[in-house]
Structures are given as structure tokens and as C-alpha cells.
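K.L.:
Would you be able to build a 3D model of this:
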Amino acid sequence: MLSRTADNLYWVSRYTERADFIARILDAALRLTALPASYGGGESNEWGSALASAGSAEIFRPLYDSVNEHTVRDFLAFSPHNPSSIRSCLQTARENARSVRTALTGEMWESINEAWLTLRSYEGRDLSREEFARFLDWVKGVSLAFDGSAYRTMLRNDSYWFTRLGVAIERADNTARILDVKYHVLLPETERVGGSLDYFQWTTILREVSALTAYHWVYRESIKPWLVADLLILNRQMPRSLANCYEMLVRHLDLIADAYGRRGPSQRLASNMLARLDRISVEGVFAGGLHEFIQDFIQENNRLGEAITDQYLV
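P.N.:
Numbering: from 1, shown residues only. Okay, the predicted model is just below:
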């Protein structure tokens, strides 16, 4: 496969997954904003936390005067000046998909092309909260449709493997960021850890990574921060956990290495991280600091992305 084709396949999956993540953190911010005053509604920094989760605060500041619902919604959902906005992600995903249409199935192309055409109908509209929530549900459905069509229609060859790499490395980054922001940024200093607002925030985070039901299946008790971290970091059965993402990365990098007859830095980095996640316990994560663990993980995940690019995509 040409490196250019592999690059487009990898990035169409990354940008589709990123659009889904941005929709999820905006949905979480909407839910937290809607809290009644008795639960801390309107007092926490949910819109600032959405920017922090997206990693876009530095781009936001020169474009907007203040952080509030209107500016953050516009910036993260529709701004062409934000390369990680939902609009930019779907546009870039479509451009990458169009470049490799012969490497995609018809269902995959139709899902991403129709998404871009539908998205354009939202531009310039002043959406109410209810309309915006429906828009976010639609974005999440786009990602499900694209990912599902890939899973159900692609041959299991290098084209499929590179799409899986894009999904896994983007999802790992996204899960790490949303977990870190909840623990390190979201809860106001005046609120008690373990209080009603803390509980509702953790519940909202689980809901937004589609893990609330899974949490209750696994732990069968009330929401506790260290158990949420255990589920989203170390549980290989959880599709959005860091461990599951790295299991996927190791598996598909090994398939690519076997097909091409050569291993390299990307296989080594992915295997080392998976081994580290297997060795550590959630108690060990908190003992060393969850924020520090997540920051280190994000840096290592970025290193793996660079290694994949150097090894296969340029």
C-alpha cells in the first residue's frame, strides 16, 4: 500500500472519532449546565472544562472575548478556524475519504459524504439547547455509522488495519483527556469531593463515554472515582479504556508488521505501553497521581502517533 493511502485511511478514522469525542464533551457540558442550583448548576466551570478536554484553549483565546456557552458551542462545533471543531473534523475526514475512495467500501464513503452534506444545513443557524443536543446526537450517530460500516464491510487487510490504528490512538487520547479534566479541572474548589456535584459529574462522564451501564455491570455499586478510573484506564473489556485501545493498537500493528515483514518503533512503543497498563493497579495510579499518570500517557500516546507516521505514513 502507498504511504499516502495509508495516511488518508488513518486520518479519516482519527477525524471521525474526534468529531464524536467533541460531540460527547459538549453533551456533557450541556448536561452539567442544566443542573439545578442545589447541585451546583451554573457555578462550575463546565464550558472551560470542555475547552480543556478538547485541548483547544490556546486557539480559542485569540478568537473569543469570554468563555461561555455561546462561544464554546460555536468554537467546538462550527468554527472553521478550529481544526478540531466538529465541522473541521468532518470536512477533513471527507477530504481524506475522497482521496482514497477506491480503498473504502461504498457504505463508508456514503456515511461520511452524507454527514458533510447534512452538516452544511446547520451552518448559520441559532440552535436552541434542545436543537443543539439533537445535533450532537446526530454527530455521534455519524461516527457509529462510519465505524460500523468499516467493521461490517471492509476486507481484513492493511486498509482495515490502518483505519483501526486511527480509531484506537484517537480514542485513547480522548478518553485520557476527558478523565483528566474531570479529576483535575472540573470540580470547583468550594465543592466537596464525593459530594452531590462530584457524583453527578462522574456519572455524566461515564454516560458520555457510553460506560455507565458497563460500570454497574462490573462493580455493582455506587459511582466511585477510583472505580471509574479503573474502568476507563485498565479494564480491557471496556471499548474506550486505555488498555482496550492499546490492545487494539498492538494487535493491528503486529498484523501490519507480519504483512510487511518488518517491525519497528511503533510496535515496540505500543507493546511497552500495554505491558505497563497490565502491570499497574488503580491504587498505583492514584498513589503516583492520576493527573501525572494521564499527562505521561498522553505524551507517550503522541510519541506512538509520531512513530506510526514516521514508520508507515510518510
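
K.L.:
just the helices in the stretch 101-250 of the chain please.
P.N.:
Here the stretch 101-250 of the chain has its helices, by DSSP state H, counting those that start in this stretch, at 106-120, 129-153, 158-181, 196-208, 212-219, 225-229, 242-260.

K.L.:
Asp20 is nearest to which of those helices?
P.N.:
Nearest to Asp20 among those is helix 129-153 (3.5 Å), distances taken as Cβ to Cβ. C-beta coordinates here come from the backbone N, C-alpha and C atoms, glycine included.

K.L.:
residues contacting Val139?
P.N.:
19-20, 22-23, 86 (Cβ atoms under 8 Å, 6 or more residues apart in numbering).

K.L.:
And those residues, which is closest to Asn244?
P.N.:
Among the contacts of Val139, and counting by Cβ to Cβ, the member closest to Asn244 is Asp20, at 16.1 Å.

K.L.:
that older thread, ok, so of the contacts of Val139, who is nearest Gln237?
P.N.:
Closest approach to Gln237 among these (Cβ to Cβ): Asp20, at 20.4 Å.

K.L.:
wait, what's in contact with the closest residue to the closest one other than its chain neighbours?
P.N.:
Leaving aside its chain neighbours, Asp20 sits nearest to Ser143 (3.5 Å; criterion: Cβ to Cβ, 6 or more residues apart in numbering). Going by Cβ under 8 Å, 6+ apart, Ser143 touches 16-17, 19-20, 23.

K.L.:
next one: Ser3
P.N.:
Residues near Ser3 by Cβ under 8 Å, 6+ apart: 312-314.

K.L.:
before we move on, what about Arg129?
P.N.:
Per Cβ under 8 Å, 6+ apart, neighbours of Arg129: 30, 34.

K.L.:
how close does it sit to Phe135?
P.N.:
To Phe135, Arg129 is 10 Å away according to Cβ to Cβ, to the nearest Å.

K.L.:
And Leu269, by the same measure?
P.N.:
As for Leu269, its distance to Phe135 is 37 Å (criterion: Cβ to Cβ).

K.L.:
And for Tyr10?
P.N.:
With Cβ to Cβ as the criterion, Tyr10 and Phe135 are 27 Å apart.

K.L.:
out of these two, which sits in the more crowded spot?
P.N.:
Tyr10 (25 against 21; other Cβ atoms under 10 Å).

K.L.:
Correct me if wrong: the more buried one contacts Val314.
P.N.:
No. Taking contacts as Cβ atoms under 8 Å, Tyr10 lies outside contact range of Val314: 11.5 Å.

K.L.:
who wins for proximity to Pro62 among the helices of the stretch 101-250 of the chain?
P.N.:
Of all these, it is helix 158-181 that lies closest to Pro62, at 21.7 Å by Cβ to Cβ.

K.L.:
Let's see that closest one as CSV, backbone CA atoms only.
P.N.:
C-alpha atoms of helix 158-181 as CSV (Å, rounded to 0.1, in the frame of the first residue of the first chain):
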residue,chain,number,x,y,z
ASP,A,158,-3.9,-3.4,5.6
SER,A,159,-6.6,-0.9,4.6
TYR,A,160,-8.7,-2.0,7.5
TRP,A,161,-5.8,-2.2,9.9
PHE,A,162,-4.8,1.4,9.3
THR,A,163,-8.4,2.6,9.9
ARG,A,164,-8.3,0.7,13.2
LEU,A,165,-5.0,2.3,14.2
GLY,A,166,-6.6,5.7,13.7
VAL,A,167,-9.6,4.9,15.8
ALA,A,168,-7.6,3.4,18.6
ILE,A,169,-4.9,6.1,19.0
GLU,A,170,-7.5,8.9,18.8
ARG,A,171,-9.9,7.2,21.3
ALA,A,172,-7.1,6.6,23.8
ASP,A,173,-6.1,10.3,23.7
ASN,A,174,-9.8,11.3,24.0
THR,A,175,-10.5,9.0,27.0
ALA,A,176,-7.4,10.2,28.8
ARG,A,177,-8.3,13.8,28.3
ILE,A,178,-11.8,13.6,29.5
LEU,A,179,-10.8,11.6,32.6
ASP,A,180,-8.0,14.0,33.4
VAL,A,181,-10.2,17.1,33.0
